[in-house]
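**Student:** Whatever this is, show me its structure:
(one chain, ligands or ions: 1)
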Amino acid sequence: MLGARDVVVFLARPEALEAPARREAAMAVLDETDRAHVARFRFERDRRIALASRALQRRALSRCVEGRVAPAAWRFEPGGDGGAGGKPRVAGDAMGLTFNVSNARGLVACTVARGRAVGVDVEPVPAEVPADVVDSHFAAVERAALRALPAERQARRFAALWTMKEAYLKARGIGLGGLALDRFWYAEGVGLVLGEGVDDDAARWQVSCWAPTAEHVAALCVARGEGGEGARIATRWMAGDG
Ligand SMILES: CC(C)(COP(=O)(O)OP(=O)(O)OC[C@H]1O[C@@H](n2cnc3c(N)ncnc32)[C@H](O)[C@@H]1OP(=O)(O)O)[C@@H](O)C(=O)NCCC(=O)NCCS
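**Tutor:** Numbers count the residues shown, from 1 in each chain. Sure, this is the predicted structure:
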């Protein structure tokens, strides 16, 4: 059973589901709502990502309770005000599990914790920095930090800053529409900084960022426990069949 300080980031490659047996096994753990979600995507590549993500979500949660709940048995509901677009959560869960999911080409992630808010984001490193995104969404501190880097390091740093922003918004469950991206930033050596008027305390969040593959960047934002103690973070790869 996951401990109160533990946070696990489960990772999987959607391509693992190219093997028919793995695809069937993944389908078998989904419910009707998940299957309808997967079927909505027009391209096979996107259906595979959605399938990998929903199967990972269920298997990750089951791992964290040592199989006491089967992957197919989990039920979910939207969080927040219950409207569409709210952060999904486990329905009727007595164990206090929280989770968050992120999907990208080539990688899906599901973070699981107990009794604390978590947000995760994974993104491929872009071929080059999208200057328009930086100009319109990054804070002045981030723009300056990015431009001070040698050109060959900028794309990776851009992806790191972007994923940290998304992970924070997802941890809070407010999504991209909830807070303008230039009203908070990540400063090297300082951590998360919230601009004036943002109704939150930066000290309550633990933010980390790493490269789970050569092509991706991942960021995790976790609420600290009472007394400010940090979480114990682990990552675990799932092969796509268990
Ligand atoms: C939540 C959000 C930040 C996700 O960003 P993204 O880069 O598109 O997608 P990711 O792959 O990282 O995350 C998707 C997962 O986040 C989770 N999620 C959905 N709403 C969420 C929320 N409010 N907070 C945290 N997580 C959320 C879901 O598990 C979703 O998985 P699914 O798509 O397989 O159902 C973004 O879609 C968003 O802001 N949604 C809220 C509604 C909104 O403001 N819409 C305008 C978008 S342009």
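**Student:** Near the nearest residue to A72 once chain neighbours are set aside, how many other residues are there?
**Tutor:** Among residues not flanking A72 along the chain, V29 sits closest, at 4.7 Å (C-beta to C-beta, 6 or more residues apart in numbering). Any C-beta I mention is one placed from the backbone N, CA and C, and that applies to glycine too. Neighbourhood size, V29 [other C-beta atoms under 10 Å]: 20.
**Student:** Got phi/psi on the most centrally placed residue in the chain?
**Tutor:** Per C-alpha atoms, centre = their mean, the C-alpha nearest to the average position across the chain is that of V120, at 2.2 Å. V120 adopts backbone torsions of phi -130, psi 150, taken as degrees, to the nearest 10.
**Student:** what do you get for V112?
**Tutor:** Torsion angles, degrees, to the nearest 10, at V112: phi -130, psi 140.
**Student:** OK, contacts around the residue nearest to A72?
**Tutor:** V29 sits next to 55, 58-59, 70-72 when contact means C-beta atoms under 8 Å, 6 or more residues apart in numbering.
**Student:** Apply 7 Å and report the result again.
**Tutor:** V29 sits next to 55, 58-59, 71-72 when contact means C-beta atoms under 7 Å, 6 or more residues apart in numbering.
**Student:** Buried ones only from the residues you listed, please, as a PyMOL command.
**Tutor:** Buried subset of these, written as a PyMOL selection, criterion 16 or more other C-beta atoms under 10 Å:
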select buried, resi 55+58+59+71
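**Student:** closest to R23 among the contacts of V29?
**Tutor:** The closest of the contacts of V29 to R23 turns out to be A55 (C-beta to C-beta; 9.4 Å).
**Student:** Just the element for the closest one, please.
**Tutor:** Per DSSP states H and E: A55 is located in helix 44-64.
**Student:** Packing partners of that helix?
**Tutor:** Packing contacts for helix 44-64, counted by 3 or more C-beta pairs under 7 Å, 6 or more residues apart in numbering; DSSP states H and E, involve strand 6-12, helix 20-28, helix 32-39, strand 97-104, strand 107-114.
**Student:** Reformat these as CSV; add mean neighbour count and distance to the ligand.
**Tutor:** Putting the helices and strands packed on helix 44-64 into CSV (neighbours: other C-beta atoms under 10 Å; distance: least, C-beta to the nearest ligand atom, whole Å) gives the following:
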stretch, mean neighbour count, distance to the ligand
strand 6-12, 22, 13
helix 20-28, 15, 14
helix 32-39, 14, 7
strand 97-104, 22, 4
strand 107-114, 26, 8
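**Student:** any chance of those in a markdown table, plus distance to L194 and mean pLDDT?
**Tutor:** Converted to a markdown table, those look like this (distance: least, C-beta to C-beta, whole Å; pLDDT from 0 to 100):
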| stretch | distance to L194 | mean pLDDT |
| --- | --- | --- |
| strand 6-12 | 22 | 98 |
| helix 20-28 | 39 | 97 |
| helix 32-39 | 33 | 97 |
| strand 97-104 | 20 | 97 |
| strand 107-114 | 22 | 98 |
